[in-house]
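A.B. asks: turn this into a model:
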Amino acid sequence: MPKPVYAIIGDEPFLQIEALRAIIAQMPGDVQRVDLNGETCGLADTLDELRSYSMFGGYKLVVVRAADDFISKFRSELEDYLEKPSDAGSLVLRVDSLPKNQRIYKSITKVGEAIACEPPKAGQLVSWLLDRAKKQKIKIAPEAAEQLCDLIGGDLGRLDNELNKLALIIDSDRIEPDDVGKAVAFQREQQMWEMTDALSLGSPDEAVRRWRHLVATDPSSEFRAVTWLAIWVERAQKALVMKRQRMNGFAIAKALKIWPANNVDRLLATGEKLGSDRLNRATGQLLEIDRKNKSGLGDPSSNVEQFLLSMA
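C.D. replies: Coordinates of the predicted model:
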C-alpha cells in the first residue's frame with residue numbers, strides 16, 4: 001500500500017535514484033507520475049496534482065526534486081496538508097538534507113517514510129559493495145571487491161555498473177581479483193563516460209555515435225545505460241543549483257566528483273541550455289525507459305538512443 005508521503009534524503013545521486021525506483025515499485029500499475037522542480041513549482045499546483053485523480057482514474061505519484069527550498073517556503077502549509085493527506089496520490093520530496101528534529105520531518109514520518117541516502121564512508125565502501133552484490137545475487141570475492149573499490153573509488157554508480165558488468169562477462173560463478181583486472185571492463189566504462197561527456201559538450205549526435213559503438217562491442221551496456229544517464233542528469237541538475245549558490249567551478253567539480261575539473265564548465269553550459277525543467281523531465285523519462293526495458297517494451301538500445309537525441 002503506497003504511503004501518502006516520502007522524503008528521500010541525501011545528496012548521492014545513485015542512492016536517490018535507487019530509492020525512487022523502490023518507491024515506484026510499490027505503486028499500482030496504473031499510477032500516473034508527475035515530476036516537479038522544487039525551485040520553481042508552487043504549493044497550490046503541487047497539492048492540486050495530489051488531490052486530483054489521474055486521467056484514467058488511477059493513482060498519482062508527484063515527485064518534487066530539489067525540494068529543500070520548496071519545504072522551506074511552504075513548511076507550515078505542508079505540515080497542515082500532512083495532517084490530512086490526499087488518498088489520491090503520493091508525494092515524494094527529494095532533498096539534500098532534512099534534520100530529524102524539525103517538525104516537518106516528524107510530520108512526514110508520522111504518515112509516510114523518510115529514506116536516508118547516506119553514502120558509505122571510505123572504510124565502509126568494500127562492505128557496501130559486498131552487500132550490494134549479495135542483494136543482486138552476485139558472488140564476488142572480498143579481495144576482488146577491495147580491488148574494485150581501490151580502482152574506482154567512492155562513485156557508487158560506477159561501482160554498481162562495474163559489478164554488474166563483471167558478473168556478465170566472467171566465466172565462473174564468482175568474481176575474482178583477476179577478473180577485476182580485465183581491461184575490457186574498464187575500457188567499456190571509459191566509453192560510457194565518453195558518451196555522457198558528449199552530452200555535456202552539447203553533442204547528442206556524437207553521444208549516439210558512441211552509444212552505437214558501445215552496444216556493438218558490449219551488448220550488456222543497454223541494460224546499464226539508464227543508471228549512467230540518470231547520474232549524468234542528476235549531476236547537471238546539482239551543478240546548476242551550486243552555480244546559483246555562487247560556488248566556483250572547481251568546488252562544483254570536487255563536490256560532484258567530476259574529473260578533470262574543467263569538464264564541469266561543459267556540463268554547466270549544457271545544463272543551462274536545457275534548463276532545470278527539461279532536466280527534471282529527463283529523470284522521469286529515464287525511469288520510464290528503465291521500466292520499458294525491463295518489461296520488454298521496445299528495443300532497449302533504441303530506447304536509450306531516442307533519449308540521447310532528445311537532449312538536442
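A.B. asks: from here on, contacts and neighbour counts on C-alpha atoms
C.D. replies: Fine.
A.B. asks: beyond the helix-or-strand element of the chain with minimal mean pLDDT, next helix or strand please.
C.D. replies: Confidence across the helices and strands of the chain bottoms out at helix 183-200, with a mean of 70, counting by mean pLDDT, DSSP states H and E. Following helix 183-200 in sequence order, the next helix or strand is helix 204-217 (DSSP states H and E).
A.B. asks: mind checking the pLDDT average for that following helix?
C.D. replies: Mean pLDDT, helix 204-217: 88.
A.B. asks: got a list of contacts for it?
C.D. replies: 188, 191-192, 194-199, 221-222, 301, 305, 308-309, 311-312 (C-alpha atoms under 8 Å, 6 or more residues apart in numbering).
A.B. asks: where does the stretch 101-250 of the chain dip in pLDDT?
C.D. replies: Low-confidence segments of the stretch 101-250 of the chain, defined by pLDDT under 70: 182-190.
A.B. asks: quick check on the contacts of helix 204-217: which are buried?
C.D. replies: For the contacts of helix 204-217, a burial check counting by 16 or more other C-alpha atoms under 10 Å picks out 188, 192, 194-199, 221-222, 301, 305, 308, 311.
A.B. asks: out of those residues, which one sits closest to residue 85?
C.D. replies: residue 311 (36.1 Å; C-alpha to C-alpha).
A.B. asks: spatially nearest residue to the closest one (excluding sequence neighbours)?
C.D. replies: Counting by C-alpha to C-alpha, 6 or more residues apart in numbering, residue 311 lies nearest to residue 204, which is 6.3 Å off, once chain neighbours are set aside.
A.B. asks: what is the burial count for the one you found?
C.D. replies: Residue 204: 22 surrounding residues under other C-alpha atoms under 10 Å.
A.B. asks: next one: residue 44
C.D. replies: As a burial measure, residue 44 scores 10 neighbours (other C-alpha under 10 Å).
A.B. asks: give me the buried positions along the host helix or strand of it.
C.D. replies: Using DSSP H and E, the element containing residue 44 is helix 43-51. Across helix 43-51, burial judged by 16+ other C-alpha under 10 Å covers 43, 46-47, 49-51.
A.B. asks: redo these as a markdown table? Include pLDDT and distance to residue 106.
C.D. replies: Shown next, in a markdown table, are those (pLDDT from 0 to 100; distance: C-alpha to C-alpha, whole Å):
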| residue | pLDDT | distance to residue 106 |
| --- | --- | --- |
| 43 | 94 | 20 |
| 46 | 94 | 21 |
| 47 | 93 | 20 |
| 49 | 90 | 23 |
| 50 | 92 | 20 |
| 51 | 87 | 22 |
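A.B. asks: I'd like to know how far residue 82 sits from residue 274.
C.D. replies: Remark: distance between residue 82 and residue 274 (C-alpha to C-alpha, to the nearest Å) = 34 Å.
A.B. asks: the two: who's more crowded?
C.D. replies: Counted by other C-alpha under 10 Å, residue 82 and residue 274 do not tie: residue 82 has more neighbours, with 19 against 16.
A.B. asks: apart from its chain neighbours, what residue comes closest to the more buried one?
C.D. replies: In space, and not counting its chain neighbours, residue 82 is closest to residue 107: 6.5 Å by C-alpha to C-alpha, 6+ apart.
A.B. asks: give the burial count for that neighbour, as a bare number.
C.D. replies: Neighbours of residue 107 under the rule other C-alpha under 10 Å: 18.
A.B. asks: contact partners for it?
C.D. replies: 79, 82-83.
A.B. asks: before we move on, the earlier item: which single one of the buried residues of helix 43-51 is nearest to residue 138?
C.D. replies: Among the buried residues of helix 43-51, residue 50 lies closest to residue 138 (C-alpha to C-alpha), at 39.1 Å.
A.B. asks: so the residue nearest to that closest one when sequence neighbours are not counted bridges to which residues?
C.D. replies: Among residues not flanking residue 50 along the chain, residue 89 sits closest, at 5.1 Å (C-alpha to C-alpha, 6+ apart). Per DSSP bridges, the residues bridged to residue 89 are residue 60.
A.B. asks: OK, contacts around residue 106?
C.D. replies: Contact analysis of residue 106 by C-alpha under 8 Å, 6+ apart lists residue 100.
A.B. asks: is it in a helix, a strand, or coil?
C.D. replies: Look at residue 106: counting by DSSP: H, G, I helix; E, B strand; the rest coil, its state is helix.
A.B. asks: for it, give its distance to residue 81.
C.D. replies: Distance of residue 106 to residue 81, computed by C-alpha to C-alpha: 13 Å.
A.B. asks: follow-up on the earlier one: just how off-centre is the helix holding residue 44 within its chain?
C.D. replies: Helix 43-51 sits 24 Å away from the centroid of its parent chain (C-alpha atoms, centre = their mean, to the nearest Å).
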